[in-house]
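A.B. asks: I would like the atomic coordinates for the input below:
(chains A and B)
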Amino acid sequence: MENNAILEVKNVHKRFTSKNVVVKAVTDVSFSVEKGQTIGIVGESGCGKTTLGRCIVRAYEASEGEVYYRTEAGEEVDFLKIDKKKMKEIRKEIQMIFQDPYSSLDPRMTVLDIIKEPLKANYPKMSKAEMDKKATEMAVKVGLNPSYLMRYPHAFSGGQRQRIGIARALVLNPRIIVCDEAVSALDVSIQAQVINLLKDLQKEFGLTYLFISHDLSVVEHISDRVGVMYLGKMVEYGETEQIFAHPKHPYTEALMSAVPVADPTFRQERIPLKGEIPNPANPPSGCYFHTRCRYCRQKCKEVAPEYKEIEPGHFVACHYAKELNLRGFEYTE
Amino acid sequence: MEKDNIIEVKDLHVDIKMLDGTLTPVRGVNFEIKRGETLGLVGESGCGKSITCKSILAINDRKCIPSGQIMFRNEDDTEVDILKMDPKGKEIRNVRGKQISMIFQEPMVAFSPMYTIGNQINECTLLHITKDKKKAKEISLEVMRKVGIANVEKRYNQYPHEFSGGMLQRALIAMALVCNPKLLIADEPTTALDVTIQAQILELMKELQKEFNMAILFITHDLGVVARMCDRVAVMYLGKVVETGDSKTIYANPQHPYTRGLIGSVHKIGGKKEDRLFSIEGTVPLAMNLPEQCGFYDRCDARIEGLCDKAEPELVEIEPGHKIACFACNNPACAAHRAEVEARIKAKEGGN
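C.D. replies: As a prediction, the model looks like this:
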């Protein structure tokens, strides 16, 4: 593990089996995360980004691979291999915020109980008064009115509910938070509020985020580094500006060109993607993207490209990454 | 009604009687759409955009009581008021689905899982165009081809669960277009789709719009999609249109504080790396027992105490085609409106 890395994902695979059909949801994903950074994971629905996030927090057991994590004490552990007791201890440091603020909160619990629940589970000896105090503090921190804490989730709007979800994740003082489409269900103006809140909290607590989203403009705003996934594989990973201004994978290029830009004078030429995302139970031969790639050559149909570093910190899985001249967003400044 | 206009919504109100009061999700909406143009109706959830467009088709829930006027130019060039029609009568059925049709937000929910896609597209054809089943099938296949569904003969007999989200949205568009409508209402047609599929569907809609020369009322909260699709924009807040104009003008020079906030809170890729996004504080109030003040008063950064909390501004034209409802705007037309309202408040307070 590198010195400043807090998390290192190495060759993680996740396969789901049903009725003798094996679906490879995540195939051989590797990347490393530095402390205090935000990593954006983007891709179309069904590309495995949520599964990857869940494997990292061990909500799913990965089929193969390692996730190295440096604990607060500086100890290096493979989070996927440790036993239950140890995991419980370490999981306090890795928390998750979910996509849907409506279904991720128990309608029969008061907001205070929801925020307190992680404390109850992890610190059974903590006194009730202290729990209440901690939960209330956290609620205030995320911008909830403390006098509303005895209410039930249904009394809150989408943005407020997402704040409750954030408070619940933060109450254990985690170091890494996996945000799975944390702002996708919110309106634009509320989205901006929640993103600002996430950024403020990151500064205050030195948090590391794994930000999973399909909204590229949000990811570009919040992330230091971005990973692009396609059909369970990481096809490109690098600094945000590298990815957005100089994409090296044809899929990234096509994805960028499809983003609707909030400027009517902006004329962009969309790179059409033929067809639809293939069935992950029956992926294409060679490079998974070759069926829809406009630069596809014979080699792509036969040999799967290696995921390699083409410039410092910039990883791409494409045979012709160095030759292709791809188009990204223009950066002013 | 002006000659080019295909529809004019005038002072539309919708009330919903509830146990603990009257909900007013739509409180005086005004807009018009010309032949062949695209109007974007933008706003956050709960601002009344969906109820407005459902009122145009008279398919709102029975509890919704509309008032005002929705003037529509009928087939024979006469003007009819949709709100005066019986929502279950013959007259509206000649308009609904035939001259005005709608694409719904979630393609997965809009189709019945019990019938084949072909069957469901045929329903519209058989009702409005022909009673001949063979002909109807031909027409349906033709329109399915037009929206880019491959292998139509096979697809015709498939059920919705056999389609992907993007394909299903295409089928929904086919269903809406089969009668060659003059106005298409698209209620968040691409919100449930991935960006790449979204781009395909938007392009398809633009092409079909040219081909059929139809007007589109495009409802969305995604400002990027509006910028790509719409000629004009109407921004709604709390059941009212607060700003309307040419989309280029609105994006380059938004005048209403809410529009400014909305556009400011969207991050532009490649733009300056700002540390924080501009955000509008607070949330949309519940549209019940609203006090007599500007709906945006509590969240506004340009509010004028003693004025904005005492009266609600009306839409004023500040440039040809660009209207806003705000007292804080410096334009002479707005200032005149403001002076008038101020005088009215003074007179009222003096009287007390």
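A.B. asks: So the spatially most central residue of chain A versus A:Asn282, what's the distance?
C.D. replies: For chain A, the residue sitting closest to the mean C-alpha position, by CA atoms, centre = their mean, is A:Ile212 at 2.7 Å. Noted for A:Ile212: a distance of 25 Å to A:Asn282, by CB to CB, to the nearest Å. For glycine as for every other residue, the C-beta is placed from the backbone atoms N, C-alpha and C.
A.B. asks: do the same with B:Ile117
C.D. replies: Distance from B:Ile117 to A:Asn282, by CB to CB: 24 Å.
A.B. asks: Neighbour count for the two, which is higher?
C.D. replies: B:Ile117 (26 against 10; other CB atoms under 10 Å in any protein chain shown).
A.B. asks: Tell me which residues touch the more buried one, please.
C.D. replies: When contacts are counted by CB atoms under 8 Å, 6 or more residues apart in numbering or on different chains, B:Ile117 touches B:111, B:155-156, B:158-160, B:163, B:171.
A.B. asks: quick one: B:Ala192 from B:Ala110, how far?
C.D. replies: As judged by CB to CB, B:Ala192 and B:Ala110 stand 10 Å apart.
A.B. asks: So which residues of the stretch 1-150 of chain B form strands?
C.D. replies: B:5-18, B:21-34, B:38-42, B:64-73, B:79-81, B:100-103 (DSSP state E, counting those that start in this stretch).
A.B. asks: Format the ones you listed as a markdown table; extra columns: mean pLDDT.
C.D. replies: Formatted as a markdown table, the strands of the stretch 1-150 of chain B follow (pLDDT from 0 to 100):
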| stretch | mean pLDDT |
| --- | --- |
| strand B:5-18 | 92 |
| strand B:21-34 | 91 |
| strand B:38-42 | 94 |
| strand B:64-73 | 93 |
| strand B:79-81 | 92 |
| strand B:100-103 | 93 |
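A.B. asks: can you put those in TSV and add distance to B:Pro313 and mean neighbour count?
C.D. replies: Formatted as TSV, those follow (distance: least, CB to CB, whole Å; neighbours: other CB atoms under 10 Å in any protein chain shown):
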stretch	distance to B:Pro313	mean neighbour count
strand B:5-18	15	18
strand B:21-34	12	19
strand B:38-42	19	26
strand B:64-73	19	18
strand B:79-81	27	14
strand B:100-103	31	25
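A.B. asks: for those strands, which one sits closest to chain A?
C.D. replies: For these, proximity to chain A was assessed by CB to the nearest CB; strand B:38-42 is nearest, at 9.4 Å.
A.B. asks: Contacts only, for the residue in chain B that chain A sits nearest to.
C.D. replies: Using CB to the nearest CB, the single residue of chain B nearest to chain A is B:Gly224, 3.1 Å away. The contact partners of B:Gly224, taken as CB under 8 Å, 6+ apart, are A:217, A:259-262, B:266.
A.B. asks: Save the residues you listed as JSON lines, and put in neighbour count too.
C.D. replies: Listed next are these as JSON lines, based on neighbours: other CB atoms under 10 Å in any protein chain shown:
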{"residue": "A:Ser217", "neighbour count": "21"}
{"residue": "A:Val259", "neighbour count": "20"}
{"residue": "A:Pro260", "neighbour count": "23"}
{"residue": "A:Val261", "neighbour count": "21"}
{"residue": "A:Ala262", "neighbour count": "22"}
{"residue": "B:Val266", "neighbour count": "22"}
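A.B. asks: which of those residues sit farthest apart?
C.D. replies: The most widely separated members of the contacts of B:Gly224 are A:Val259 and B:Val266, with 11.5 Å between them, by CB to CB.
A.B. asks: and for the two, which residues touch both?
C.D. replies: A:217, B:224.
A.B. asks: Pull up the gap between A:Lys203 and chain B, please.
C.D. replies: As judged by CB to the nearest CB, to the nearest Å, A:Lys203 and chain B stand 10 Å apart.
A.B. asks: next one: A:Gly206
C.D. replies: 17 Å.
A.B. asks: residues in contact with that residue?
C.D. replies: Each residue near A:Gly206 by CB under 8 Å, 6+ apart is listed here: A:35-36, A:175.
A.B. asks: want to throw those into JSON lines with pLDDT and secondary structure?
C.D. replies: Shown next, in JSON lines, are the contacts of A:Gly206 (pLDDT from 0 to 100; DSSP: H, G, I helix; E, B strand; the rest coil):
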{"residue": "A:Lys35", "pLDDT": "91", "secondary structure": "coil"}
{"residue": "A:Gly36", "pLDDT": "92", "secondary structure": "coil"}
{"residue": "A:Arg175", "pLDDT": "93", "secondary structure": "coil"}
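A.B. asks: List buried residues within the residues you listed.
C.D. replies: By neighbour count, with 16 or more other CB atoms under 10 Å in any protein chain shown, the contacts of A:Gly206 hold A:36, A:175 as buried.
A.B. asks: residues from the stretch 151-300 of chain A in reach of chain B?
C.D. replies: For the stretch 151-300 of chain A, the residues in contact with chain B (CB under 8 Å from any CB of the partner chain) are A:157-160, A:187-193, A:195-196, A:199, A:214, A:216-218, A:220-221, A:244-245, A:254-255, A:257-266, A:270, A:272-273, A:276.
A.B. asks: Apply 6 Å and report the result again.
C.D. replies: For the stretch 151-300 of chain A, the residues in contact with chain B (CB under 6 Å from any CB of the partner chain) are A:157, A:187-189, A:192-193, A:195-196, A:217, A:220-221, A:244, A:258-264, A:270, A:273, A:276.
A.B. asks: and B:Ile324, backbone torsions?
C.D. replies: Backbone torsions for B:Ile324, taken as degrees, to the nearest 10, come to phi -140, psi 160.
A.B. asks: Tell me who's in contact with it.
C.D. replies: Residues in contact with B:Ile324, defined by CB atoms under 6 Å, 6 or more residues apart in numbering or on different chains, are B:243, B:255-256.
A.B. asks: so of the residues you listed, which ones are in strands?
C.D. replies: Per DSSP state E, strands hold the following members of these: B:Glu243.
A.B. asks: Just to check, B:Gly118 is in contact with B:Arg155?
C.D. replies: No - with contact defined as CB atoms under 6 Å, B:Gly118 does not count as touching B:Arg155 (7.8 Å).
A.B. asks: What number of residues are in the vicinity of B:Leu315?
C.D. replies: For B:Leu315, using other CB under 10 Å, the count is 19.
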